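Student: here is the input, now give the coordinates:
(one chain, ligands or ions: 1)
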Amino acid sequence: MERSNKPSAIGVSASLPQPSVSVKDGIIEASLPSGESVAVYLYGATVTSWKVNGQEQLFMSKTAHLDGSKPIRGGIPLVFPVFGPPPQNHATTPLPQHGFARNSAWEFLGKSSSEAGRGDLAVKLDFGLSHTMLSEEFRKAWPYEFGLVYSVTLTKDALRTSLQVTNEGKENFEFQVLMHTYLAVEDISNVRVKNLESKTYIDKTRNASTHTESSPALAITEETDRVYQGLDPAKPIVVSSTSGDQTLFSITREALTDVVVWNPWIEKAKGMSDFGPDEAYKNMICVEAGSVSAWQTLEAGDSWEGGQSIKSRL
Ligand SMILES: O=P(O)(O)OC[C@H]1O[C@H](O)[C@H](O)[C@@H](O)[C@@H]1O
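Tutor: Below is the predicted model:
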């Protein structure tokens, strides 16, 4: 695992303007000469901002806690090693909802720049979390020796987040993982989610009952909390707007075959103290790429990698 803080530049011509990266107060910010930018908090390795053409692509609650006292409500919190409330009689049982990755202090491993093709630049930020870095409480609750490397790559038209999980111990462990992406939208009533048709989903708002998606373009008209399963990672999930049938976001995945679609809607939004303002549920949709409907088993010494790539219309 690379643990160097030294910047490296692979295949980048010295004459080109370079990406800039700053590290301040636990926040890593990177921007490309073409203007796109990303910000990542070391707390949770949470991506809190992704701007394209000056426009924010990720939703952030106005009342989110940004002081490390609570997982950040917005951006891309990382869910590991369990999704949702942990099941009974499982190694993750003592952990909080969604595990510990989103509420642990990560380290910045460094940046690298490269050509993303057609002369476009890419900047990649790497973050690490391992067993010894966890709070004592989390170390006791999940005593496995693991290493996580989370990479956030910014290009002109996309944001890629990928996670490598390594079992650095002597016994197998099981995990689930999910990139809990809060996408910013202007008006949820105009939003449709495509490429879910005929897929099986668990509806968490209806006692985790199983259904088959009948809509080619899913509209969000009430509290929505669905785990779509068995998706082809290479087939994009498309978030579109009915005004002009415009694609807003297109999300492809690697090794992540589940996608959660979540919007808390009116009552649940009101009930979350760190979700604000109350009406902000109209300005967001979570489309969460993950591996959550089953457990990944990682044998001693083995690694697993998965990720998502989000393209914005802008
Ligand atoms: O409130 P949090 O722990 O951040 O969870 C927020 C949401 O995450 C996922 O989308 C789950 O499917 C939801 O059931 C949950 O409400």
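
Student: okay, helices next: where are they in the protein?
Tutor: Listed in chain order, the helices of the chain (DSSP state H) span 136-141, 265-271.

Student: next to the ligand, which bits of this protein? Give me the list.
Tutor: 71, 84, 97-98, 204, 225, 260, 262, 286, 288 (Cβ under 6 Å from any ligand atom). No exception for glycine: its C-beta is placed from N, CA and C like everyone else's.

Student: out of those, which two sit at the greatest distance?
Tutor: Largest separation among the residues of the chain next to the ligand by Cβ to Cβ: Pro71 and Lys204, giving 18.3 Å.

Student: circling back: the residues of the chain next to the ligand in strands, which ones?
Tutor: Those of the residues of the chain next to the ligand mapping onto strands are 225, 260, 262, 286, 288, per DSSP state E.

Student: for whichever residue of the stretch 201-314 of the chain sits closest to the ligand, give me its contacts.
Tutor: Taking Cβ to the nearest ligand atom, the ligand has its nearest neighbour within the stretch 201-314 of the chain at Trp262, 3.5 Å off. Residues near Trp262 by Cβ atoms under 8 Å, 6 or more residues apart in numbering: 224-226, 285-286, 288.

Student: residue ranges in this structure under the pLDDT threshold?
Tutor: Residue ranges of the chain with pLDDT under 70: 1-15.

Student: okay, now the closest residue to Asp302 other than its chain neighbours: neighbour count?
Tutor: Leaving out its chain neighbours, the residue that sits closest to Asp302 by Cβ to Cβ, 6 or more residues apart in numbering is Asn167, at 5.4 Å. Look at Asn167: counted by other Cβ atoms under 10 Å, it has 21 neighbours.

Student: does Asn167 touch Phe146 like I think?
Tutor: Yes - the pair Asn167 / Phe146 is scored as a contact, 6.3 Å apart, by Cβ atoms under 8 Å.

Student: list the residues that contact both of those two?
Tutor: In contact with both Asn167 and Phe146: Phe173, using Cβ under 8 Å, 6+ apart.

Student: tell me how far the nearest residue to Met272 once chain neighbours are set aside lies from Phe83.
Tutor: Leaving aside its chain neighbours, Met272 sits nearest to Pro264 (6.7 Å; criterion: Cβ to Cβ, 6+ apart). The gap separating Pro264 from Phe83 is 17 Å, by Cβ to Cβ, to the nearest Å.

Student: so those two - more neighbours on which side?
Tutor: Remark: of Pro264 and Phe83, Phe83 carries more neighbours, 24 against 18, as counted by other Cβ under 10 Å.

Student: run a quick neighbour tally on the closest residue to Ile266 other than its chain neighbours.
Tutor: Leaving aside its sequence neighbours, Ile266 sits nearest to Tyr281 (Cβ to Cβ, 6+ apart; 6.7 Å). Tyr281 has 22 neighbours, counted by other Cβ under 10 Å.
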